[in-house]
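Undergrad: Kindly return the folded structure for what I paste below:
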Amino acid sequence: MKKIAALLLIVSLMIPVTTSAAPTPGSEVVWNVQTDQKLIALTFDDGPNPVYTPQILDLLKQYQAKATFFVLGKRVKMYPAIAIREVNEGHEIANHTFDHHFLKNYPPERIVEEIRQTQEVIFDITEQMPSVFRPPGGFYNDALLQSMKEDKLTVVMWSWYQDTKDWKKPGADKIVQTVLGNVHNGDIILFHDLEGDCSQTVEALKRILPELQQRGYQFLTVSDLIAKTRK
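TA: Below you'll find the predicted structure:
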């Protein structure tokens, strides 16, 4: 009975990913920011990838763009040099758990353990302590939000219309269309540098970055975007 009660409590706390174009007033979760300035944040989940993350970093450097990498602790341990490069080149390294477990399938306390483990791994390797966290799959609940508040981690999602779904390999054209056709000031754009083939993401960035730059957009890390637009 205790197990059933605990399960019901977890289910009752579950908050589904919403499709709001902006954070709900008083929300503890950042989806995008309100600004009249041409500022956006590029984010990359699930890396580092030994083949494609360096290519992404090369492109970002070419266009003087800063980004936020929501890394997995296990992959930072596998590819520490790439994580160090991300930090050294002025990008933000952020927490995406150790092993990418979804909260809907995993107890909140275990997720919190993974998050804290990843904080330690990232700090040990890069000497940077992340201040931003993104839950795998976008699943979170009240218990997780409270833990992140206690750990002084800002929970950041993405602009709902800027989910490129590049992990599905929809084609570079589709990725480009998603970003360029919907871009607004204060957007947080979701890409992936996950394990496997990310060539479509790289090809799309070769077109997205110069076009957005030509439109006058400035690429900031998530933390800088929030800081610059916070009243």
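Undergrad: any idea which helix or strand comes after the strand ranked longest in the chain?
TA: Ranked by number of residues, the top strand in the chain under DSSP state E is strand 39-45. Downstream of strand 39-45, the next assigned helix or strand under DSSP states H and E is helix 52-62.
Undergrad: got the CA coordinates for that next one in CSV?
TA: Listed next in CSV are the C-alpha coordinates belonging to helix 52-62 (Å, rounded to 0.1, in the frame of the first residue of the first chain):
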residue,chain,number,x,y,z
TYR,A,52,29.7,16.5,-34.5
THR,A,53,30.1,18.7,-31.4
PRO,A,54,33.5,19.9,-32.6
GLN,A,55,31.9,20.8,-36.0
ILE,A,56,29.2,22.7,-34.2
LEU,A,57,31.8,24.5,-32.1
ASP,A,58,33.7,25.5,-35.3
LEU,A,59,30.5,27.0,-36.8
LEU,A,60,29.7,28.9,-33.6
LYS,A,61,33.2,30.3,-33.5
GLN,A,62,32.9,31.3,-37.2
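Undergrad: which helices and strands does that helix pack with?
TA: Judged by 3 or more CB pairs under 8 Å, 6 or more residues apart in numbering; DSSP states H and E, helix 52-62 is in contact with strand 39-45, strand 67-71, helix 80-88, helix 199-214. No exception for glycine: its C-beta is placed from N, CA and C like everyone else's.
Undergrad: circling back to that earlier point, pull up the pairing partners for the longest strand of the chain, direction included.
TA: strand 67-71 (parallel), strand 188-192 (parallel), strand 218-220 (parallel) (DSSP bridges).
Undergrad: and the angle from that strand to helix 199-214?
TA: 170 degrees (axes from the mean of the first three to the mean of the last three CA atoms, to 10 degrees).
Undergrad: Need the contact partners of strand 39-45.
TA: Contact with strand 39-45 is made by 33, 53, 56, 60, 65, 67-70, 94, 96, 134, 156, 158, 183, 185-194, 212, 217-222, 224-225, 228-229, as judged by CB atoms under 8 Å, 6 or more residues apart in numbering.
Undergrad: Next, the angle from it to helix 52-62.
TA: Going by the same axes, to 10 degrees, strand 39-45 makes 160 degrees with helix 52-62.
Undergrad: avg pLDDT for strand 39-45?
TA: Averaging pLDDT along strand 39-45 gives 98.
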